[in-house]
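Student: Next one to model:
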Amino acid sequence: MNDEYKPFSERRGRTQPKLPQREAMDEDLRTGLWNAFYESFPPVIYDFASSNSVYKNIHRYFLKKSLNKYCDNHVKENNEAVEQIFLSEEWHRVLDLVEYVVRTRDNNSFVDKCNSVFKNENSAYRIIAGGFVAEITSEQEIVEIETALKIPYASAKGHLEKALTLFLGRENPDYENSAKESISAVESIAKEITGEHGGTLGQLISKLDLHDAFAKGLKHLYGFASDAHGIRHSESGEPLPLDQDTARFMLVTCSAFVNYIIARNPKIQPD
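Tutor: You can find the predicted model right below:
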């Protein structure tokens with residue numbers, strides 16, 4: 001079904017459109033994710049008995065239950081145990097399970113199905129590059145981050161991966177250090193492009209092929225990050241408290257700048 005499809009009753013104003021689902025999951029969203037899992041990993045008896053069974057690994061590594069409680073030949077029971085996580089557990093545990101499966105299984109179909117469900121049910125979450133489940137504010141933000149995470153420059157990519165990991169930390173997200181890693185990714189790509197690995201981003205901006213407006217914007221962003229009351233050199237003064245919105249802005253904006261710098265400076269290719 002087309003992702004933009006809206007039911008007749010909603011188009012005619014007879015029913016209200018579904019509100020965005022953030023830190024919550026209704027029955028439709030839960031069922032959709034379970035169906036995505038069921039279709040991607042259909043329960044068959046030989047898979048249940050396999051040492052690499054997705055069901056057995058969920059039992060052992062995700063639920064952390066003893067293997068003597070797992071029955072290789074009991075397809076129905078093992079299938080229902082996973083189903084109950086999707087349908088009954090807290091919303092964040094469901095996302096934990098989705099992320100666990102994505103990061104331990106190479107199954108693009110499952111990712112695509114889950115993202116389709118997230119979108120159709122107006123969920124605030126998407127699976128993005130690297131197998132992370134992330135909260136989004138727009139599809140374009142995800143595109144910028146995913147594009148940047150696929151660049152062939154190892155250092156800049158590493159900073160962005162770390163920024164994303166720190167930002168998404170469920171128990172204790174580290175927004176300050178996430179923002180530091182984001183701006184470090186821009187500095188790293190500037191060094192790679194210019195070949196001047198000893199310079200700072202502030203020194204290298206003028207040596208990049210950038211539109212004046214973008215160069216000025218990048219200077220302001222770097223200035224914020226390097227200010228005595230900013231985030232990057234906070235040892236020189238009291239750091240500005242960083243909240244989730246600021247860290248997200250830094251992650252998305254720096255990802256976009258990394259992509260833009262590479263696009264405007266194609267002459268030098270990575271080793």
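Student: Which stretches in this protein count as strands?
Tutor: Applying DSSP state E to the chain gives strands spanning 125-128, 132-135.
Student: ok, and what's touching the last one?
Tutor: To tie it back to what came earlier, the one meant is strand 132-135. If you take C-beta atoms under 8 Å, 6 or more residues apart in numbering as the criterion, strand 132-135 is touched by 22, 95, 98-99, 102, 124-128, 142, 145, 164-165, 168. C-beta here means a position set from N, CA and C on the backbone, and glycine is covered the same way.
Student: closest to Tyr61 among those?
Tutor: Distances from these to Tyr61 were compared by C-beta to C-beta; the smallest belongs to Glu99, at 12.8 Å.
Student: least reliable of the strands of the chain going by mean pLDDT?
Tutor: With a mean of 86, strand 132-135 has the lowest mean pLDDT of the strands of the chain.
Student: List the strands paired with it, with their directions.
Tutor: According to DSSP bridges, the neighbouring strands of strand 132-135, each with its direction, are strand 125-128 (antiparallel).
Student: From Lys219, how far out is Phe132?
Tutor: Distance check for Phe132 against Lys219: by C-beta to C-beta, to the nearest Å, it reads 30 Å.
Student: Next one: Phe110 from Thr246, what distance?
Tutor: When C-beta to C-beta is applied, the distance between Phe110 and Thr246 equals 33 Å.
Student: follow-up on the earlier one: widest-spaced pair of the contacts of strand 132-135?
Tutor: The widest separation within those, taken as C-beta to C-beta, falls between Arg22 and Thr165 and amounts to 20.8 Å.
Student: Neighbour count for these two, which is higher?
Tutor: Regarding Arg22 and Thr165, a neighbour count based on other C-beta atoms under 10 Å identifies Thr165 as having more, with 16 against 11.
Student: Thank you, goodbye.
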